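# coordinates only, no sequence provided:
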C-alpha cells in the first residue's frame, strides 16, 4: 500500500508535533510543511529531513493532486478559510481545536465536507489519551452508573493569547472530554468571566453546562493561577472518578463511593435519610501510547476505511456552539443561553 501524502499547515506551537507524528506513521508521508514565517520553515529540514517541500504558499498544496489530506494548526480565526479551501480542492482535513470561531462557519464546513465526500476531523487530542479512553470504557460498561456531575479545573499561569480568551483557549479540552464521556447533548450554558489585562480578553472564567435531566457540568479555567491544575471529577450513581492529568502514574482513580437517598414519604422531607457509601479505590492500568500518535493513526484509518472519526465535524460544531454560548453569556452577566439558539 502506497503512503498517504500529508501537508501540515502552521509550524508554530502544535505544528511540529503533527509533523513528527505523521512522519512516524508507516502509512503517511509529510510532503509539505507550510507557514508564513520563513524562519520557522528553516528549522523543518534539520528536524524532519523526510519533509520534501517547505513553503509559504498554501495554494501550492491545494494544487498538488498527490496531497490526500491537510492538517491545519494555525490560529482559530484562520481555520475556516483554510479548511474551506482544502475541502474545495478535494482534500481531507484535520483541524486543530476549536474547529472554528463561529458555529455558522463550522456548520458550513460540515456541509461542504459532505458535498465533496471528504472527511473533516477536529484535533481534540485528549479524547485519544489512555486516561480518557479508560474513563469512556468504564462509563460505557455501566460501572459508574448514571452520571450526576462533571467538574473540571484547568488553570495555570499564562500562556496569554492575543486572539482568543481563556474559554476558547482552555475550555475545548474539557468540553470535548465531557461530550465524549457523557454522550448526551447539553441544552444550555451559563458563564461568567473577567479580564485583568488591556486587551479585554477574559483570563478567568467559570462555565456551567446544563442537560435536560439532572446531569450538570462545571468548568473553572484560569490563566492567572500560581499553580498548574488539570483535574476532572466525575460523580456517578455507582462510582466516582478522579482524573488528575498532572499525575505521572495514577492519572485515573476510581472510588466506590456515593450516597443513597431514602425519602420515605416524599411529602415529608424530614424523613429523608442519606446513607453514605465509602468503599475501595483503585487505579486502572492505562494505555501509554502518545495521544497524538493514536489520533493521527485514527485520522488515516478513517480516510482509508471511510469511517467517521470520534471527533468528527459534528462533534467539533457542538463544542463551538458551547463556546459561542459561553461568550454570549459572559457579555450578559451570566445569562442562561439556550444552545438551540446558537
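Arrived safely. Since the model is a prediction, treat every value here as computed from it, not as a measurement. Residues are numbered from 1 along each chain as shown.
# now residue 43: how far from residue 89?
27 Å (CB to CB, to the nearest Å). C-betas here are computed from N, CA, C, even on glycine.
# any buried residues in the longest helix seen in the chain, and which?
The residue-count maximum for a helix in the chain (DSSP state H) belongs to helix 313-331. Across helix 313-331, burial judged by 16 or more other CB atoms under 10 Å covers 313, 315-327, 329-330.
# go on, stretch 244-260?
Using 16+ other CB under 10 Å, the residues of stretch 244-260 that count as buried are 244-245, 251-252, 254-255, 257-258.
# residue 30: which of the residues you listed is nearest?
residue 245 (28.2 Å; CB to CB).
# leaving aside the residues next to it on the chain, what's closest to that closest one?
Counting by CB to CB, 6 or more residues apart in numbering, residue 245 lies nearest to residue 230, which is 3.7 Å off, once chain neighbours are set aside.
# just for the stretch 151-300 of the chain, where's the confidence low?
261-274 (pLDDT under 70).
# the same query, at a cut-off of 90, please.
Along the stretch 151-300 of the chain, segments meeting pLDDT under 90 span 158-163, 197-200, 249, 257-279.
# can you give me the strands in the stretch 1-150 of the chain?
When secondary structure is read from DSSP state E, counting those that start in this stretch, the stretch 1-150 of the chain shows strands at 4-9, 28-34, 53-55, 67-72, 92-96, 120-123, 147-157.
# tabulate the ones you listed (a markdown table), appending mean neighbour count and distance to residue 205.
What follows is the strands of the stretch 1-150 of the chain, written out as a markdown table (neighbours: other CB atoms under 10 Å; distance: least, CB to CB, whole Å):
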| stretch | mean neighbour count | distance to residue 205 |
| --- | --- | --- |
| strand 4-9 | 25 | 29 |
| strand 28-34 | 23 | 33 |
| strand 53-55 | 17 | 38 |
| strand 67-72 | 23 | 26 |
| strand 92-96 | 26 | 21 |
| strand 120-123 | 27 | 21 |
| strand 147-157 | 18 | 11 |
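# need the ones you listed in a markdown table (columns: distance to residue 193).
Listed next are those as a markdown table, based on distance: least, CB to CB, whole Å:
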| stretch | distance to residue 193 |
| --- | --- |
| strand 4-9 | 31 |
| strand 28-34 | 34 |
| strand 53-55 | 39 |
| strand 67-72 | 27 |
| strand 92-96 | 23 |
| strand 120-123 | 23 |
| strand 147-157 | 13 |
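# to residue 172, which of those strands lies closest?
Across the strands of the stretch 1-150 of the chain, closest to residue 172 is strand 120-123 (CB to CB), at 8.9 Å.
# show residues contacting that closest one.
Residues from elsewhere that reach strand 120-123, judged by CB atoms under 8 Å, 6 or more residues apart in numbering: 14, 71, 73, 83, 87, 92-99, 109-110, 113, 295, 299, 302, 309, 311-313, 315-316, 319.
# and residue 339, its phi and psi?
phi -70, psi -30 (degrees, to the nearest 10).
# and it, how far from residue 318?
8 Å.
# quick check: next helix or strand after the longest strand seen in the chain?
Ranked by residue count under DSSP state E, the longest strand found in the chain is strand 224-236. Sequence-wise, the next helix or strand downstream of strand 224-236 (DSSP states H and E) is strand 240-244.
# could you list every residue that touches the residue nearest in space to the middle of the chain?
Closest residue to the average C-alpha location of the chain: residue 124 at 3.2 Å, with CA atoms, centre = their mean. By CB under 8 Å, 6+ apart, the contact list for residue 124 reads 97, 172-173, 176, 180, 311, 315-316, 319.
# with residue 21 instead?
Applying CB under 8 Å, 6+ apart, we find residue 21 in contact with 290, 292-293, 295-296.
# again, but for residue 29
Shown in contact with residue 29 (CB under 8 Å, 6+ apart): 3-6, 23, 50.
# run the last query once more with 10 Å
Residue 29 makes contact with 2-6, 22-23, 50-52, 66, 68, according to CB atoms under 10 Å, 6 or more residues apart in numbering.
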